[in-house]
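Undergrad: I would like the atomic coordinates for the input below:
(4 chains)
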There are 2 protein chains.
Amino acid sequence: MRHASKPVGLTAVAAQDLVSQIARSLTEAIVSGQLPPGSKVAEAAVARELGVSRAPVREAGRLLESQGLLVTHPGRGFFVRAHSPEDIDDLYDLRICIEKHAAVLAARRLTPEGAQALRRQLAVLDAAAQGHDPAAQVEEDYRLHRLICEMSGNRRLLRLFDDLSSELRIVIGLIGRLYDDPQRIADTHKPLLDAIESGDDARIAAAVEFHLGDAWRGVAGLVRAMPADPRGGHR
Amino acid sequence: MRHASKPVGLTAVAAQDLVSQIARSLTEAIVSGQLPPGSKVAEAAVARELGVSRAPVREAGRLLESQGLLVTHPGRGFFVRAHSPEDIDDLYDLRICIEKHAAVLAARRLTPEGAQALRRQLAVLDAAAQGHDPAAQVEEDYRLHRLICEMSGNRRLLRLFDDLSSELRIVIGLIGRLYDDPQRIADTHKPLLDAIESGDDARIAAAVEFHLGDAWRGVAGLVRAMPADPRGGHR
DNA sequence: AAAACGTCGACTGTCGACAGTTTTGAATTG
DNA sequence: CAATTCAAAACTGTCGACAGTCGACGTTTT
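TA: You can find the predicted model right below:
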């Protein structure tokens, strides 16, 4: 065998097309608050602005709808979803439910490398918190939780986590800096990792409940205190 | 205001339901096994057959993709999703997780009317089982479980249940008659309802785990015994 | 004969256009 | 002056068309 006939793997060029790109662009605009909840997302305007036709924009809209970022009013188009306080409660309730499960599963299959990866991510999160970079903080927090879900070994669960996250991002993004206190980050995340390493189901459940419950209360409080959304929850 | 200028809402016939209609049509074809897992779903063919253009077909495809019924290979189009045994495991694992939670929540908010509704649905399910109508059995079983999720009061959870159900329906549909034994239906569902009425969290959890674990084992066994899928799990 | 190459056909991804409907905004009326 | 009516503008849902891409098949090369 002389020539390396096929071996040399170059970087697999992402064929992924316009739709994902548009979806990302829209998501950005939504979580950044540029497109506030309840506001209309006109296909033509988006298409014009991005220099594409309406077809891929429509598909991106469908995609974001399935992710809970947009809603469709038949004949009227897409609107940025406005989450009611009850929606937030539902989201966090469900999130606690599945993250509890994920953490238990992750603990069961935990390897030394896995534990190390978790510790490392916690360190990154702490650094972001110390650095007072709200955006990075939210991002690294998300990564830590996602890592746990990844370690659960249940891919469907991971997909659900991603869905819930993108929904929550609308809210979190609006609130802006939520987790101000670096100390609080450590106080709630460290016990969670300790619990996972202990392998004690009850302890893990308690830790998840405490940690996410804390976040829930924070978000719920801020949301309910927010300007009564100009373009309310429904219709 | 004299004339009813446009008022009297007749059947507010959903204007936009071409997409939903196509989606339903495709779903039907998939769960009925007419479109076997792994098979290609050509847009043009579907469009021609239904007498519509490709645009709404595409959107319906995206919708079904978000529901886990189809997968899309960039540049190649839609394919009926072929679930691997591991996918089934993931699905049931997740389902048990959320139904456990739903049942606990439902028990907490249970009203006499709610309990009665559950009993009634169980009776309908039993009747379908006695009648040896596999399709009706699956349908009524689904309704009972959905009712519990509805009673949880968490709408996001209900949506997730619907998503999981439509994914599972591919598998269940292929297997055909799964729950043959009417006795087994009663044996696993009745204790579940009893547990919910008792309000004992641990008992509820155990009941859900037993009931769905039973179904899980049944489905998993049949799936693994199936003809090694001609168009395998990935790529 | 096996592997690589080149061509052909089919299909996807994207676009611009059209009809019907909703929204906007102005003119009108009580 | 406020409410109503009506017409123009804008937008959605759908369609047909075109270019680029992917897979299959037959051909050439080693």
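
Undergrad: neighbours of A:Glu167, how many?
TA: The number of residues packed near A:Glu167 is 21, by other Cβ atoms under 10 Å in any protein chain shown. The C-beta positions use only the backbone N, C-alpha and C, and glycine is treated the same way.

Undergrad: cool, A:Met151 as well?
TA: A:Met151 has 23 neighbours, counted by other Cβ under 10 Å.

Undergrad: so how far is B:Leu94 from it?
TA: Computed as Cβ to Cβ, to the nearest Å, the A:Met151 to B:Leu94 distance reads 15 Å.

Undergrad: can you tell me how far A:Glu139 is from DNA strand D?
TA: According to Cβ to the nearest atom of the strand, to the nearest Å, A:Glu139 stands 31 Å off from DNA strand D.

Undergrad: list the contacts of that residue.
TA: Residues near A:Glu139 by Cβ atoms under 8 Å, 6 or more residues apart in numbering or on different chains: A:Ala128.

Undergrad: mind redoing it with 7 Å?
TA: With contacts taken as Cβ atoms under 7 Å, 6 or more residues apart in numbering or on different chains, A:Glu139 has no neighbouring residues.

Undergrad: quick one, phi psi at the most centrally placed residue in chain A?
TA: Centroid-nearest residue in chain A: A:Ser165, 2.5 Å away (criterion: Cα atoms, centre = their mean). Its backbone dihedrals place A:Ser165 at phi -60, psi -40, with angles given as degrees, to the nearest 10.

Undergrad: check contacts around it.
TA: Counting by Cβ under 7 Å, 6+ apart, A:Ser165 has contacts A:Tyr142.

Undergrad: give me that answer again for 8 Å
TA: Contacts of A:Ser165 (Cβ under 8 Å, 6+ apart): A:Tyr142, A:His145, A:Arg146.

Undergrad: can you tell me which of the residues you listed is nearest A:Ala82?
TA: A:Ala82 lies nearest to A:Tyr142 out of the contacts of A:Ser165, by Cβ to Cβ, at 22.1 Å.

Undergrad: read off the pLDDT value for that closest one.
TA: For A:Tyr142, the pLDDT comes out at 93.

Undergrad: please apply the same query to A:Pro230.
TA: pLDDT for A:Pro230: 44.

Undergrad: same thing with A:Asp162?
TA: 95.

Undergrad: wasn't A:His83 part of a strand?
TA: No: with DSSP: H, G, I helix; E, B strand; the rest coil as the criterion, A:His83 is located in coil rather than a strand.

Undergrad: ok, for it, nearest residue in space, not its chain neighbours?
TA: Excluding the flanking residues, the one nearest A:His83 by Cβ to Cβ, 6 or more residues apart in numbering or on different chains is A:Val171, at 5.9 Å.

Undergrad: tell me which helix or strand in chain A has the weakest average pLDDT.
TA: The weakest-scoring helix or strand in chain A, judged by mean pLDDT, DSSP states H and E, is helix A:182-198 (a mean of 88).

Undergrad: how close does the residue nearest to A:Met151 when sequence neighbours are not counted get to B:Cys97?
TA: Once flanking residues are discounted, A:Met151 sits nearest to A:Ala106: 3.8 Å by Cβ to Cβ, 6+ apart. Distance, A:Ala106 to B:Cys97, by Cβ to Cβ: 13 Å.

Undergrad: shouldn't A:Leu144 be in contact with A:Arg119?
TA: No: the pair A:Leu144 and A:Arg119 does not pass the contact test of Cβ atoms under 8 Å, sitting 10.3 Å apart.

Undergrad: re the thing from before, show me what counts as buried in the one helix or strand the residue nearest to A:His83 maps to.
TA: Taking DSSP states H and E as the criterion, A:Val171 maps to helix A:155-175. Buried residues in helix A:155-175, counted by 16 or more other Cβ atoms under 10 Å in any protein chain shown: A:156-158, A:160-161, A:163-175.

Undergrad: any chance of the backbone angles for whichever residue of chain A sits closest to DNA strand D?
TA: For chain A and DNA strand D, the shortest gap (Cβ to the nearest atom of the strand) falls at A:Gly77, measuring 3.1 Å. Main-chain torsions, A:Gly77, degrees, to the nearest 10: phi 110, psi -170.

Undergrad: tell me the average confidence for the helix or strand containing the residue nearest to A:Met151?
TA: Assigning secondary structure by DSSP H and E places A:Ala106 in helix A:85-108. Confidence for helix A:85-108, expressed as mean pLDDT, is 97.

Undergrad: name the residues of it that are buried.
TA: Using 16+ other Cβ under 10 Å as the test for burial, helix A:85-108 gives A:87-107.

Undergrad: relative to helix A:182-198, how tilted is that helix?
TA: 40 degrees (axes from the mean of the first three to the mean of the last three Cα atoms, to 10 degrees).

Undergrad: coming back round to it: counting contacts, what elements does the least confident helix or strand of chain A pack onto?
TA: Counting contacts by 3 or more Cβ pairs under 8 Å, 6 or more residues apart in numbering or on different chains; DSSP states H and E, helix A:182-198 is packed against helix A:85-108, helix A:112-130, helix A:134-151, helix A:201-224.

Undergrad: so which of these comes closest to B:Ser25?
TA: Set against B:Ser25 and scored by Cβ to Cβ, those come closest in helix A:85-108, at 30.9 Å.

Undergrad: dump the closest one to PDB, restricted to CA.
TA: Coordinates of each C-alpha in helix A:85-108 appear next as PDB, following Å, rounded to 0.1, in the frame of the first residue of the first chain:
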ATOM      1  CA  PRO A  85     -44.800  33.100  34.700                       C
ATOM      2  CA  GLU A  86     -46.600  29.800  34.700                       C
ATOM      3  CA  ASP A  87     -44.600  28.800  31.700                       C
ATOM      4  CA  ILE A  88     -41.400  29.500  33.600                       C
ATOM      5  CA  ASP A  89     -42.600  27.400  36.400                       C
ATOM      6  CA  ASP A  90     -43.400  24.500  34.100                       C
ATOM      7  CA  LEU A  91     -40.000  24.800  32.500                       C
ATOM      8  CA  TYR A  92     -38.100  24.700  35.700                       C
ATOM      9  CA  ASP A  93     -40.300  22.000  37.200                       C
ATOM     10  CA  LEU A  94     -39.600  19.800  34.200                       C
ATOM     11  CA  ARG A  95     -35.900  20.700  34.100                       C
ATOM     12  CA  ILE A  96     -35.500  19.700  37.700                       C
ATOM     13  CA  CYS A  97     -37.200  16.400  37.000                       C
ATOM     14  CA  ILE A  98     -34.900  15.500  34.100                       C
ATOM     15  CA  GLU A  99     -31.700  16.800  35.600                       C
ATOM     16  CA  LYS A 100     -32.300  14.900  38.700                       C
ATOM     17  CA  HIS A 101     -32.600  11.800  36.600                       C
ATOM     18  CA  ALA A 102     -29.600  12.700  34.500                       C
ATOM     19  CA  ALA A 103     -27.400  13.300  37.500                       C
ATOM     20  CA  VAL A 104     -28.300  10.000  39.000                       C
ATOM     21  CA  LEU A 105     -27.500   8.200  35.800                       C
ATOM     22  CA  ALA A 106     -24.300  10.100  35.400                       C
ATOM     23  CA  ALA A 107     -23.200   9.200  38.800                       C
ATOM     24  CA  ARG A 108     -23.800   5.500  38.100                       C
END
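
Undergrad: what number of residues lie near A:Arg48?
TA: Other residues within reach of A:Arg48, judged by other Cβ under 10 Å, total 13.
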